[in-house]
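1. Turn this into a model:
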Amino acid sequence: MLKFLLVVILVAVVIYLTTRAIQRRGIAPTPRPRPKRPEPPRFVGPDDDPDFLRDLDRKRKHPEHPEDPDA
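-> Numbering: from 1, shown residues only. Prediction:
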């Protein structure tokens, strides 16, 4: 069993070194990094919107003025 394991390790090392030598010489192309996909748009809930939270706070402090000051 030990001899089999040593043979497998030896074959793996030889394959690794051969691959590295080929890549360094430029015979085989090096794998190109994949382009990053754009992230999908992130949906922002109203509880993450500072304007929404500011408006809620204003309505809570001054319930007698429910109209929008920007309108």
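2. how far is stretch 23-40 from where the chain is centred?
-> 17 Å (C-alpha atoms, centre = their mean, to the nearest Å).
3. typed the wrong thing, it's stretch 53-68
-> 39 Å.
4. Output the longest helix along the chain as PDB - backbone C-alpha positions only.
-> Taking DSSP state H as the criterion, the chain has its longest helix at helix 2-25. Below are the C-alpha coordinates for helix 2-25, written out as PDB (Å, rounded to 0.1, in the frame of the first residue of the first chain):
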ATOM      1  CA  LEU A   2       2.900   2.400   0.800                       C
ATOM      2  CA  LYS A   3       4.500   1.700  -2.600                       C
ATOM      3  CA  PHE A   4       1.300   2.600  -4.400                       C
ATOM      4  CA  LEU A   5       0.900   5.800  -2.400                       C
ATOM      5  CA  LEU A   6       4.500   6.800  -3.300                       C
ATOM      6  CA  VAL A   7       4.000   6.100  -7.000                       C
ATOM      7  CA  VAL A   8       0.800   8.200  -7.000                       C
ATOM      8  CA  ILE A   9       2.700  11.100  -5.200                       C
ATOM      9  CA  LEU A  10       5.600  10.800  -7.700                       C
ATOM     10  CA  VAL A  11       3.200  10.900 -10.700                       C
ATOM     11  CA  ALA A  12       1.400  13.900  -9.300                       C
ATOM     12  CA  VAL A  13       4.700  15.800  -8.700                       C
ATOM     13  CA  VAL A  14       5.900  15.000 -12.300                       C
ATOM     14  CA  ILE A  15       2.600  16.200 -13.800                       C
ATOM     15  CA  TYR A  16       2.700  19.400 -11.700                       C
ATOM     16  CA  LEU A  17       6.300  20.200 -12.700                       C
ATOM     17  CA  THR A  18       5.600  19.400 -16.300                       C
ATOM     18  CA  THR A  19       2.600  21.700 -16.300                       C
ATOM     19  CA  ARG A  20       4.500  24.500 -14.700                       C
ATOM     20  CA  ALA A  21       7.300  24.200 -17.200                       C
ATOM     21  CA  ILE A  22       5.000  24.300 -20.100                       C
ATOM     22  CA  GLN A  23       3.200  27.400 -18.700                       C
ATOM     23  CA  ARG A  24       6.500  29.200 -18.100                       C
ATOM     24  CA  ARG A  25       7.700  28.600 -21.700                       C
END
